[in-house]
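Asks: Structure here, sequence nowhere to be found:
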């Protein structure tokens, strides 16, 4: 049984203007479908990566997974428990302790008025358990020093802060950690340190990661399975080798071509055309059809469903 | 062949603080030639943006230029003040910042912002300036420039806005563009578009570009030459192919090793131990020596210098012979 | 603790010695030491507060002990021997022979106490409502902020007079003088909570979207815990600035009310009461009875205000 099972997950945000403005300007209510009917599963002890550009809904999925946002429809089940619908408080509490999150901004994710020790043990202390010596042990595990426990967050660099966030995430001995762009605010050399640390911790504690990122090379390095999102829809899912060697969805192909390559000095390729459409008024049919080189009439009309294709799942009428 | 468009010699920027004087930029020298893109790469705090801001006199006090020379098109500009600097900044140097939203006045139509800039620097009539503004928007790939000139910045998407900023930087036909992290806030596909645009413009007009970024991939694709900065100093300078393909400074080598690469697969990333030292806590000698796997005793006491022109500021540049490694 | 003046923002837990140490090493304390205006106004305020607190020990006479008063000493000019008794009073005496210097010390006591208590009351009320409005949102926010908006359309002194009048009407006659001080505190406090609520609501809206708050939410911390332990410490800097400036305003408001005769009773004269009494003698030549309380009030309010202004600049990251 997979650790996480996401079924037909959808999240719609009401982005309407206030009531009075709507009446005066004669506008209808506006809705943004941030996540549109997404289904996937995460196996225990694996790294599932979600990639996509801004507005793809990847962070929204992460937040629904940890229970910070409620799904509009569909479900997220973690070890068979649906946080949004479960009524048994003990079960909810048990699953809560199993999920942790690491955020993108290492400066905003630590309370500046708290000592590092208190920050790290909060997930455990808030359950009324004894935390003596716990912060110090965790700090050593993430490569910081025991003395750092008494300091305040502003005394640390971005990379060190992200290590503190990781220590906090580990405190409640979780099974699943949702990592929302954990290294995109960090420099390359620091990113390497943090990614290595995350890999080590995964092996040591048997963790499962949902790794959210816009950086394809990082995803390829970390993931066991990759889901590509476009405008809130899962357009392709495959193991990284399969995905990068043989991308099947035209959007995935475009992403791979557009990503800067270290080896191609002064490469001159025609850049991709178009931009991400307005998510409030998405295109009909396949969301990618206005930019797609393979577009046919059917793409403008029908939304493609995910189908199996050579070791991948892809939502494209034309892919073969 | 004429001289370089931008020439920086021994530029030093200082910030006096209560803990002493910090040098975020410490004696750097480089040239950018006509039609050349020089990538300035380094980690946060390495001084790469500070060097760019020094050129256009945008250092925020108390930071100031404490030494060295800056020449643009054969004119020394580091001692220019006030009006003279402002005229030259608009005419000879264009700026593209990271966040396209803050570089545009949200209350003015983009056409007005463009014509104002053009009128301020070129002897044209208002009608001519407007024509030129439309041409500039057209050139940066904004469809329907004639109509879009009456739009406000918020009516554009992020990528289109950055194109407008580039048009704004280009409209007075400067000979140098300083682009500070121009693609960092953009999505991958839009980033590729902007890089392609910068390259094309630079090639067609012969504009020199200083491209400041932390992204090695962007440098590899866009730049002709690259300067690697570390703790306020130049660690390595040279053609992109040489510096990125066969780094000679151990820091550059470490940076390249830390970058996840498709070809490396899931192997552990190479790590540079430690972190870049804070400016108020720089080690003696080479600033990189505490993190350097090849450091010898001389590295701890003496500062290696960058030989004239290209090369690495290192006593033991790579590749090493077997007995050192 | 007395030899080094504590900066007004000495952290919330002064008990922790290293927090004090951090405060003394901070940039904040450094800029304090380098700002003559801050040092001078802080010293003036400290001296005046100490003088008021220790008035019973410092004052040469007890102006409220009828036994110690000698009507013969009435209208003594400052620094001149009294025509009848030969006693010398630094700042002269009033019509009943009370030493003006002593009455000022005791008056300052009342003024400072009423001012500080009113600000404390306004602060607790405003911060609580502001936190609730910002964090909970929805109808709670609408109701609280509309009340605040309505109250802002009336001048604060008018609101205070209204509350004072109503309270006086409902207290039994025999308790009126006794209750006057507390009613005054209530009136000034209720007229002043709005700006605290507005600022705290704004700061809360910013803080609640930061990732450290999300991290606390996802481990299942309750809303009150998040508001008190996480958000409150991070919105206190602007509160401190407003509290300081409000203190000056509250002291002046109290003086105004007392001057109008609706504030502190003559049995417990504040600086405002003293000024009201003194202005009756201004045109008969006894200028000192009015001048010295007025100058004291001016110095006190000005120093507190200057301190508040400096504090605002020092705590504003944009002006650093």
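Replies: Now that the structure is in, tell me what you want to look at. Note that the structure is a prediction, hence the values are computed from the model and not measured.
Asks: which stretches of the stretch 201-320 of chain C have low pLDDT?
Replies: C:316-320 (pLDDT under 70).
Asks: show me where it has strands.
Replies: Counting by DSSP state E, counting those that start in this stretch, the stretch 201-320 of chain C has no strands to list.
Asks: again with chain B
Replies: B:6-17, B:20-32, B:37-41, B:64-72, B:75-76, B:93-96, B:176-180, B:208-213, B:225-230, B:233-239, B:311-312 (DSSP state E).
Asks: Redo those as TSV? Include mean neighbour count and distance to chain A.
Replies: For the C-beta atoms, the positions are set from N, CA and C on the backbone; glycine is no exception. Converted to TSV, those look like this (neighbours: other CB atoms under 10 Å in any protein chain shown; distance: least, CB to the nearest CB, whole Å):
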stretch	mean neighbour count	distance to chain A
strand B:6-17	18	16
strand B:20-32	20	16
strand B:37-41	26	9
strand B:64-72	18	25
strand B:75-76	11	30
strand B:93-96	24	17
strand B:176-180	25	15
strand B:208-213	27	10
strand B:225-230	26	10
strand B:233-239	24	9
strand B:311-312	22	17
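Asks: For chain C, which of the ones you listed is the nearest?
Replies: Of all these, it is strand B:6-17 that lies closest to chain C, at 9.6 Å by CB to the nearest CB.
Asks: Neighbouring strands - and their directions - for the closest one?
Replies: strand B:20-32 (antiparallel), strand B:64-72 (antiparallel) (DSSP bridges).
Asks: re the thing from before, can you put the strands of chain B in TSV and add mean pLDDT?
Replies: Formatted as TSV, these follow (pLDDT from 0 to 100):
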stretch	mean pLDDT
strand B:6-17	89
strand B:20-32	89
strand B:37-41	92
strand B:64-72	88
strand B:75-76	84
strand B:93-96	87
strand B:176-180	90
strand B:208-213	92
strand B:225-230	92
strand B:233-239	91
strand B:311-312	84
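Asks: Over stretch A:291-298, what's the mean pLDDT, rounded is fine.
Replies: Stretch A:291-298 carries an average pLDDT of 88.
Asks: likewise stretch A:255-274?
Replies: For stretch A:255-274, the mean per-residue pLDDT is 77.
Asks: Repeat that for stretch C:168-178.
Replies: In this model, stretch C:168-178 carries a mean pLDDT of 79.
Asks: in it, what's buried?
Replies: Within stretch C:168-178, the residues that count as buried by 16 or more other CB atoms under 10 Å in any protein chain shown are residue C:171.
Asks: For the residue lying closest to residue B:42 once chain neighbours are set aside, give the beta-bridge partners.
Replies: Once flanking residues are discounted, residue B:42 sits nearest to residue B:229: 3.6 Å by CB to CB, 6 or more residues apart in numbering or on different chains. Counting by DSSP bridges, residue B:229 forms beta bridges with residue B:234.
Asks: again, but for residue B:13
Replies: Beta-bridge partners, per DSSP bridges, of residue B:13: residue B:25, residue B:65.
Asks: need the contact list for it.
Replies: Residues counted as contacts of residue B:13 (CB atoms under 8 Å, 6 or more residues apart in numbering or on different chains) are B:23, B:24, B:25, B:47, B:50, B:51, B:54, B:59, B:63, B:64, B:65, B:66.
Asks: ditto for residue B:151
Replies: Counting by CB under 8 Å, 6+ apart, residue B:151 touches B:109, B:110.
Asks: so what's it scoring on pLDDT?
Replies: 86.
Asks: again with residue B:263
Replies: pLDDT, read off for residue B:263, is 65.
Asks: okay, the strands paired with strand B:6-17 in CSV with distance to residue A:207 next?
Replies: As requested, those are exported to CSV (distance: least, CB to CB, whole Å):
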stretch, distance to residue A:207
strand B:20-32, 39
strand B:64-72, 49
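Asks: The residue in the stretch 151-300 of chain B positioned nearest to chain C and chain A, how far apart?
Replies: Using CB to the nearest CB, the closest approach of the stretch 151-300 of chain B to chain C is made by residue B:280 at 13.3 Å. Separation of residue B:280 from chain A (CB to the nearest CB, to the nearest Å) stands at 14 Å.
Asks: what about the nearest residue to that residue once chain neighbours are set aside, neighbour count?
Replies: Leaving aside its sequence neighbours, residue B:280 sits nearest to residue B:19 (CB to CB, 6+ apart; 5.1 Å). By other CB atoms under 10 Å in any protein chain shown, the residues close to residue B:19 number 10.
Asks: which SS class is the residue nearest the centre of chain A?
Replies: In chain A, the residue lying closest to the centroid (CA atoms, centre = their mean) is residue A:212, at 2.8 Å. State at residue A:212, reduced to three classes by DSSP: H, G, I helix; E, B strand; the rest coil: strand.
Asks: What residues are bridge-paired with it?
Replies: residue A:50, residue A:180.
Asks: Test my guess that it contacts residue A:58.
Replies: Yes. Residue A:212 lies in contact with residue A:58 (CB atoms under 8 Å); the separation is 4.8 Å.
Asks: joint contacts of these two?
Replies: residue A:50.
Asks: neighbours of the nearest residue to residue A:262 once chain neighbours are set aside, just the number please.
Replies: Sequence neighbours aside, residue B:220 is the residue nearest to residue A:262 in space, at 5.0 Å (criterion: CB to CB, 6+ apart). Per other CB under 10 Å, the neighbour tally for residue B:220 reads 26.
Asks: where's residue B:220 relative to residue B:209, distance?
Replies: For residue B:220, the distance to residue B:209 (CB to CB, to the nearest Å) stands at 15 Å.
Asks: Residue A:115 too?
Replies: Taking CB to CB, one finds residue A:115 at 46 Å from residue B:209.
Asks: Repeat that for residue B:304.
Replies: 28 Å.
Asks: so who does the closest residue to residue C:45 other than its chain neighbours touch?
Replies: In space, residue C:45 comes closest to residue C:303 once its chain neighbours are excluded; the distance is 4.8 Å by CB to CB, 6+ apart. Contact partners of residue C:303, counting by CB under 8 Å, 6+ apart, are C:40, C:41, C:42, C:44, C:45, C:48.
Asks: So the residue in chain A that chain B sits nearest to, which state does it fall into?
Replies: The minimum distance from chain A to chain B, using CB to the nearest CB, falls at residue A:260 (2.9 Å). With three-state DSSP as the basis, residue A:260 sits in coil.
Asks: next SSE after the lengthiest helix in chain C?
Replies: Using DSSP state H, we find that the single longest helix of chain C is helix C:100-136. As assigned by DSSP states H and E, the chain's next helix or strand after helix C:100-136 is helix C:138-152.
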